[in-house]
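Enquirer: got a predicted structure plus its sequence, pasted below:
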Amino acid sequence: MKIAMIASEANPLVKSGGLADVTYSLSRELNKDKEEAIIVLPFYKRIKDKGLNPKYLGYFFIDMSWRHQYVGVFELRIDGIKYYLVDNEMYFNRDELYGYNDDNERFAYFALASLEVLRYVNFKADIIHVHDWQAAIIPCLLKEKYNCDNFFSGVKTVLTIHNPAFKGYMDKYFLGNYFGLSDYIYDIGRVKFDEQVSTLKAGISYADKITTVSPTHRNELLDPSSEFRFNYDLELRKDDFSGVVNGIDVIEFNPETDTKIAKQYSKSAFIKAKAENKKVLLETLGLPNNFKGPVYGLVSRLTWQKGIDLVLQNVEHIIGNGGALAILGSGEKELEHSFQSFRDHFPDRVGIYIGYNDAIAHKVYAGSDFFLMPSLFEPCGIGQLIAQRYGALPIVRVTGGLADTVIGYNDNNLDIANGFSFYDYNGFALGGTIDHTLRVFKDKSTYHKLVKNALSLDLSWKKSEKSYLKIYKEVANR
């Protein structure tokens, strides 16, 4: 089966979040399974700056109303995957991936160009798998604009919703101005949302299958009380809507082989190695390396979605009960400054790295005893899976993929528990769970059993890939 992934980011070339992990890891597993999966993404400045020297295949032009736009095509092969890079310096030669006033136009161009790239390289896909609002208009384009195009005859589409908070809003005018589509599809409601065009709504209406990144998040999106408000549209497509939990890259994240951590370890021998990794983590963040209490790690964007306010409410609670914090992340300046203030007040107990550093991130996972992830919402989550892979017991709120991947210890489920969880989104609920972890940390036999449970999990992409392949085959055989 031939699958074209069309997305705005993909590892190892460019990443801002979990979307990049999914497109890369799923494509790699599909190719290992003897399918043929390619990735199409923009040729951003960040990729060019890596100096990878992709192969130049040629160029063509596409029309967007009065715009006659250049499309350069480059090819890279990494880990068995062919990447096709869509080059246009006006749109993509910028320091950031997103956040520009013309993002709608940039990704409208990308959607249109990506389909023509498939034609240019003669990749006649069985499945075109599009991801989030940046590419979600493509199923609509195929059924409304390319419906008589022999090259795309028989192709089926799958949309994966990673972050429904971003809906791809634009004025109705741009249906014609960017895409050459009729206002009729807006007037009948197929792309209309909040009195605007939503490219994500278009994908929900037109894709042959829809997925999101966990079964619980699927149910949350179908809930009439969902803040994302796609429940009515998704209810109409309920039979074509699935939740598939992400895996992680178990080659990159492997405590038995990881060269970025101080001492490697396995599920059968981890106690001394975890202690050594904790020592090095503390040294790295400027904390006393002889600290013996529990270390609570956090690797995250510092933003409201991630429950950072709940963590801040509990910093003094953790310290007052004999714990320390190891924090890596960046985001909202107010949150960054709050953590820095705590570091200034408690320099022996709060270690912070503002920004992202991959080597330090690995050290946090390997050296922490517990991992904080009390998200307000989390479609799937990657951090809790990586933490489990390294035996840092995640502390999560029961939402989205966190509910599907973390079995919270309740004193009666020691054989299967692999973390800690709470329900109510407030600082008291997180604080009560932290109290539970403090008690468990003192009971070393229970603590070590929970760590071993986490280290024993199969977190690879293999199971997830099988689920996606089943979806592909179902829709291809319609």
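Expert: Alright, I've got the coordinates. Just so it is clear, the model here is predicted, and its values are computed rather than measured.
Enquirer: need the contact list for Met5.
Expert: Thr23, Leu26, Ser27, Ala37, Ile38, Ile39, Val40, His129, His131 (CB atoms under 8 Å, 6 or more residues apart in numbering). From N, CA and C alone the C-beta is placed, and that goes for glycine too.
Enquirer: same thing but at 10 Å, please
Expert: 22-24, 26-27, 30, 37-41, 81, 83, 125, 127-131, 135, 158, 160 (CB atoms under 10 Å, 6 or more residues apart in numbering).
Enquirer: same question for Leu222.
Expert: For Leu222, the contacting residues are Phe230, Asn231, Tyr232, Leu234, Glu235, Arg237, Lys238, Phe241, Gly243, by CB under 10 Å, 6+ apart.
Enquirer: can you pick out the most distant pair from the residues you listed?
Expert: Tyr232 and Gly243 (18.2 Å; CB to CB).
Enquirer: ok, back up a step: from the contacts of Met5, which land in helices?
Expert: Per DSSP state H, helices hold the following members of the contacts of Met5: Val22, Thr23, Tyr24, Leu26, Ser27, Leu30, Ala135.
Enquirer: now Ser27, nearest residue through space, not along the chain?
Expert: Ala37 (4.2 Å; CB to CB, 6 or more residues apart in numbering).
Enquirer: phi, psi for Asn412 please.
Expert: Here is the backbone geometry of Asn412 (degrees, to the nearest 10): phi -120, psi 0.
Enquirer: how far off centre is stretch 420-432?
Expert: 24 Å (CA atoms, centre = their mean, to the nearest Å).
Enquirer: any buried residues in it, and which?
Expert: By neighbour count on 16 or more other CB atoms under 10 Å, the buried set for stretch 420-432 is Phe420, Ser421, Phe422, Tyr425, Gly427, Ala429, Leu430, Gly431.
Enquirer: I'd like the mean pLDDT over that stretch, please.
Expert: Averaging pLDDT along stretch 420-432 gives 98.
Enquirer: could you do stretch 110-122 as well?
Expert: 98.
Enquirer: likewise stretch 445-462?
Expert: The pLDDT scores in stretch 445-462 average 97.
Enquirer: for stretch 5-15, same thing?
Expert: 95.
Enquirer: residue contacts, Ala454?
Expert: 267, 371, 384-385, 387-394, 406-407, 417-419.
Enquirer: what's the answer for Lys462, then?
Expert: By CB under 10 Å, 6+ apart, the contact list for Lys462 reads Glu29, Lys32, Asp33, Gly247, Val250.
Enquirer: can you put those residues in TSV and add distance to Glu474 and secondary structure?
Expert: Converted to TSV, these look like this (distance: CB to CB, whole Å; DSSP: H, G, I helix; E, B strand; the rest coil):
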residue	distance to Glu474	secondary structure
Glu29	18	helix
Lys32	21	helix
Asp33	16	coil
Gly247	20	coil
Val250	27	coil
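Enquirer: may I ask which two of the residues you listed are separated the most?
Expert: Asp33 and Val250 (15.6 Å).
Enquirer: higher neighbour count, those two?
Expert: A count of neighbours by other CB atoms under 10 Å puts Val250 above the other of Asp33 and Val250, at 16 against 13.
Enquirer: now do the helices in the stretch 1-150 of the chain.
Expert: Ranges of helices in the stretch 1-150 of the chain, per DSSP state H, counting those that start in this stretch, are 18-32, 45-48, 89-92, 103-120, 132-135, 138-144.
Enquirer: which of the ones you listed sits most buried?
Expert: Per residue and on average, the most neighbours among those fall to helix 132-135, with a mean of 26 (mean count of other CB atoms under 10 Å).
Enquirer: tell me what that one is packed against?
Expert: strand 2-6, strand 36-42, helix 103-120, strand 156-161, helix 199-206 (3 or more CB pairs under 10 Å, 6 or more residues apart in numbering; DSSP states H and E).
Enquirer: as JSON lines, these with distance to Asp258 would be great.
Expert: Formatted as JSON lines, the helices and strands packed on helix 132-135 follow (distance: least, CB to CB, whole Å):
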{"stretch": "strand 2-6", "distance to Asp258": "27"}
{"stretch": "strand 36-42", "distance to Asp258": "26"}
{"stretch": "helix 103-120", "distance to Asp258": "35"}
{"stretch": "strand 156-161", "distance to Asp258": "29"}
{"stretch": "helix 199-206", "distance to Asp258": "36"}
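Enquirer: Glu332: which of these is closest?
Expert: Shortest distance between Glu332 and the helices and strands packed on helix 132-135, using CB to CB, is found for helix 103-120: 20.1 Å.
Enquirer: so the closest one versus strand 36-42, what angle?
Expert: Here the directions of helix 103-120 and strand 36-42 differ by 140 degrees (axes from the mean of the first three to the mean of the last three CA atoms, to 10 degrees).
Enquirer: what about helix 103-120, distance to the chain center?
Expert: Counting by CA atoms, centre = their mean, helix 103-120 comes out at 22 Å from the chain centroid.
Enquirer: swap in stretch 119-129?
Expert: Distance, centroid of stretch 119-129 to centroid of chain: 25 Å (CA atoms, centre = their mean).
Enquirer: now it: buried residues?
Expert: Quick answer for stretch 119-129 (16+ other CB under 10 Å): Tyr120, Val121, Phe123, Ala125, Asp126, Ile127, Ile128, His129.
Enquirer: quick check, pLDDT for Asp411.
Expert: pLDDT, Asp411: 89.
Enquirer: for it, give me its contacts.
Expert: Counting by CB under 10 Å, 6+ apart, Asp411 has contacts Ala417, His436, Arg439, Val440, Thr446.
Enquirer: wasn't the fourth one part of a helix?
Expert: By that I understand Val440. Yes: under DSSP: H, G, I helix; E, B strand; the rest coil, Val440 sits within a helix.
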